[in-house]
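S.K.: can you look at this prediction? I've put the sequence above it.
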Amino acid sequence: MESASVRGRARPATGDSGSRPAVRLQLWRSDGTMRAAAGDVVGILCLVSVAAALDFKYHHAEELEAYLKRVHATYPSLTHLHSIGRSVEGRDLWVLVLGRFPTQHKIGIPEFKYVANMHGDETVGREILLHLIDFLVTSYRRDPLITRLLNNTRIHIMPTMNPDGFEATKVPDCYYTRGRYNKNGEDLNRNFPDAFERNNASIQPETQAVMNWIKNETFVLSANLHGGALVASYTFDNGNSATGSLEGYSRSPDDDVFIHLAKTYSFNHASMYKGTGCDNRQTFPDGITNGYSWYQLEGGMQDYNYVWGQCFEITLELSCCKYPPADQLEKFWRDNKAALIEYIKQVHLGIKGQVTDKNGNPIPNAIVEVQGRPHVCPYRTNEQGEYFLLLLPGTYVINATVPGFKSILKTVEIHNNTGNFSALKHDFTFPEVSISWE
Ligand SMILES: [Zn+2]
């Protein structure tokens, strides 16, 4: 939740309000319960040791670090723990990576991330991500869906982006505190380069660490977790007349995908989809909103991810109270568990593949875009020549462009492959001989 003035009432979201992911929730809950193998004594002991260590309470910096190290020590082949930088006060910015190949990117396996606690006084996300980690590691090789998810997805979890702000917030408090900011008094969710206007804030160490991280990984889908409201908010947060800001809604070329992503979370959450808001504050139809429609902001992280990181990110407001008492954390985990998992699966929407020359050598920096939905910065292939495009089921024309060659157009029919844990795969091969390009 942001403390800035609220900009008008939320408008009803456009898009297909008839598609209710709630059906998937029921499937998930009936299929997704943990199935521990009774004979696996070692596994049970591991499960008990980690689960017992993770109480429903707030974990301060040393406890959080100790917990992450303990998980990694218990599940060394399933996890990778690293710090992507340090806060102003020198605290590590820990990221735990989970997956079958946790230490490095593998071709075809999309990268996903969750980031919490960038506002240090918004604390629910920080704790439920620790419980998500616990659930994922203890379910691997026991729950078939979680096993497939971890075999086919590399999941990065950053429980706190603003550890200094969290430590500065001494006691639970439902409303804004100074702990929102980093140690230099900067709001990290106003601190990123902005696509639509110049923002003056100097880039903070926490922001720079995340920018470097985004540059170094091929993130496809992400969410950042906040508190102070109950809604899933999607890009753009800022805009101009071309994006529709004059009409009070800043529409990205992938608006349909973002609405689907936000609804996936809200309808799989215990109550977010009801959109009743908090107390007497604003309501949100279906529990979602376009960021700009709610209120405009510049320098936000989700716009940065989408415009420069080639990563679709939404902002999740998980609790009316920013820093609720610890005895409510178990309910927050229960309310969010199915939504957190179902949202990760959406990284397998759409289409992916590799761009190579005729000898199979990958072509980095090739532009691969969908006709009719141009990104502010065209999406380009990574070092391995890979592209990932999140798209809803339908027919699309994909345009692959390499300077010096004629563009390749391919019409594709995309189905919902999230249940298969793999987007549609299509590779593009460019000839060796240069053809004048149009
Ligand atoms: Zn916030």
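M.R.: Thanks, I have the structure now.

S.K.: for the stretch 251-400 of the chain, which segments count as helices?
M.R.: Applying DSSP state H, counting those that start in this stretch to the stretch 251-400 of the chain gives helices spanning 255-268, 291-294, 301-308, 329-345.

S.K.: the third one near the ion anywhere?
M.R.: No - no part of helix 301-308 sits close enough to the ion to count as contact by C-beta under 5 Å from the ion; the gap is at least 10.0 Å. In this view, the C-beta of every residue, glycine as well, is placed from N, C-alpha and C.

S.K.: about what we covered before: what would the helices of the stretch 251-400 of the chain look like in JSON lines with mean pLDDT and mean neighbour count?
M.R.: Below are those laid out as JSON lines (pLDDT from 0 to 100; neighbours: other C-beta atoms under 10 Å):
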{"stretch": "helix 255-268", "mean pLDDT": "98", "mean neighbour count": "24"}
{"stretch": "helix 291-294", "mean pLDDT": "96", "mean neighbour count": "25"}
{"stretch": "helix 301-308", "mean pLDDT": "98", "mean neighbour count": "24"}
{"stretch": "helix 329-345", "mean pLDDT": "98", "mean neighbour count": "21"}
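
S.K.: now those in JSON lines, with distance to Gly108?
M.R.: As requested, the helices of the stretch 251-400 of the chain are exported to JSON lines (distance: least, C-beta to C-beta, whole Å):
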{"stretch": "helix 255-268", "distance to Gly108": "20"}
{"stretch": "helix 291-294", "distance to Gly108": "31"}
{"stretch": "helix 301-308", "distance to Gly108": "21"}
{"stretch": "helix 329-345", "distance to Gly108": "16"}
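
S.K.: centre of the chain to stretch 136-151, how far?
M.R.: Centroid separation for stretch 136-151 versus its chain: 19 Å, with C-alpha atoms, centre = their mean, to the nearest Å.

S.K.: start and end of that stretch, how far apart?
M.R.: When the termini of stretch 136-151 are compared using C-alpha to C-alpha, to the nearest Å, they are 12 Å apart.

S.K.: and the residue in the stretch 201-350 of the chain that the ion sits nearest to, its phi and psi?
M.R.: For the stretch 201-350 of the chain and the ion, the shortest gap (C-beta to the ion) falls at His226, measuring 3.4 Å. His226 adopts backbone torsions of phi -130, psi -170, taken as degrees, to the nearest 10.

S.K.: buried set for stretch 306-326?
M.R.: Within stretch 306-326, the residues that qualify as buried are 306-324, counting by 16 or more other C-beta atoms under 10 Å.

S.K.: then stretch 237-251?
M.R.: 237-239, 243-245, 248-251.

S.K.: give me the contacts around it.
M.R.: By C-beta atoms under 8 Å, 6 or more residues apart in numbering, the list of residues contacting stretch 237-251 from outside reads 8, 11, 14, 194-197, 235-236, 252, 290-293, 296-298, 300, 302-303, 315.

S.K.: residues from the protein in reach of the ion?
M.R.: Within the chain, the positions lying close to the ion (C-beta under 5 Å from the ion) are 119, 122, 226.

S.K.: now those as a markdown table including distance to Asn336, pLDDT and neighbour count?
M.R.: Below are those laid out as a markdown table (distance: C-beta to C-beta, whole Å; pLDDT from 0 to 100; neighbours: other C-beta atoms under 10 Å):
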| residue | distance to Asn336 | pLDDT | neighbour count |
| --- | --- | --- | --- |
| His119 | 17 | 98 | 31 |
| Glu122 | 14 | 98 | 31 |
| His226 | 13 | 98 | 24 |
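
S.K.: closest to Val71 among these?
M.R.: Glu122 (23.2 Å; C-beta to C-beta).

S.K.: find the nearest non-adjacent residue to that closest one, please.
M.R.: Nearest in space to Glu122, with sequence neighbours left out and distances taken as C-beta to C-beta, 6 or more residues apart in numbering, is Gly227 at 3.6 Å.

S.K.: for the one you found, grab phi and psi.
M.R.: Torsion angles, degrees, to the nearest 10, at Gly227: phi -150, psi 170.

S.K.: pretty sure it is touching Ser319, no?
M.R.: Yes - contact criterion C-beta atoms under 8 Å: Gly227 and Ser319 qualify, at 4.3 Å.

S.K.: what residues are shared contacts of these two?
M.R.: Common neighbours of Gly227 and Ser319 (criterion: C-beta under 8 Å, 6+ apart): 122, 124.

S.K.: just checking, which helix or strand of this structure averages the lowest pLDDT?
M.R.: Scoring the helices and strands of the chain by mean pLDDT, DSSP states H and E places helix 22-31 at the bottom, with a mean of 33.

S.K.: what's near enough to touch whichever residue of the stretch 51-200 of the chain sits closest to the ion?
M.R.: Closest residue of the stretch 51-200 of the chain to the ion, C-beta to the ion: His119 (3.7 Å). Contact partners of His119, counting by C-beta under 8 Å, 6+ apart, are 1, 162, 165, 179-181, 187-189, 226-227, 322.

S.K.: wait, a strand at Asn189?
M.R.: No - secondary structure of Asn189 (DSSP: H, G, I helix; E, B strand; the rest coil): helix, not part of a strand.

S.K.: my guess is it contacts Met118, does it?
M.R.: Yes - when contacts are counted by C-beta under 8 Å, Asn189 is listed as touching Met118 (5.8 Å).

S.K.: overlap in contacts, those two.
M.R.: In contact with both Asn189 and Met118: 224, 301, using C-beta under 8 Å, 6+ apart.

S.K.: give me the more crowded residue out of those two.
M.R.: Met118 (27 against 23; other C-beta atoms under 10 Å).

S.K.: so is that one in a helix, a strand, or just coil?
M.R.: Taking three-state DSSP, the label given to Met118 is coil.

S.K.: quick check: closest non-adjacent residue to Asn151.
M.R.: Spatial nearest neighbour of Asn151, chain neighbours left out: Arg100 (4.6 Å); criterion: C-beta to C-beta, 6+ apart.

S.K.: please, which helix or strand holds that neighbour?
M.R.: Assigned by DSSP states H and E, Arg100 falls within no helix or strand.

S.K.: wait, it sits on Thr147?
M.R.: No - Arg100 is beyond contact range of Thr147, at 9.1 Å (criterion: C-beta under 8 Å).

S.K.: would you list every one of the helices in the stretch 51-200 of the chain?
M.R.: Under DSSP H, counting those that start in this stretch, the stretch 51-200 of the chain gives helices at 61-74, 124-139, 144-152, 163-168.

S.K.: mean neighbour count and mean pLDDT added to the ones you listed, as a markdown table?
M.R.: Shown next, in a markdown table, are the helices of the stretch 51-200 of the chain (neighbours: other C-beta atoms under 10 Å; pLDDT from 0 to 100):
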| stretch | mean neighbour count | mean pLDDT |
| --- | --- | --- |
| helix 61-74 | 17 | 97 |
| helix 124-139 | 24 | 98 |
| helix 144-152 | 18 | 98 |
| helix 163-168 | 24 | 98 |
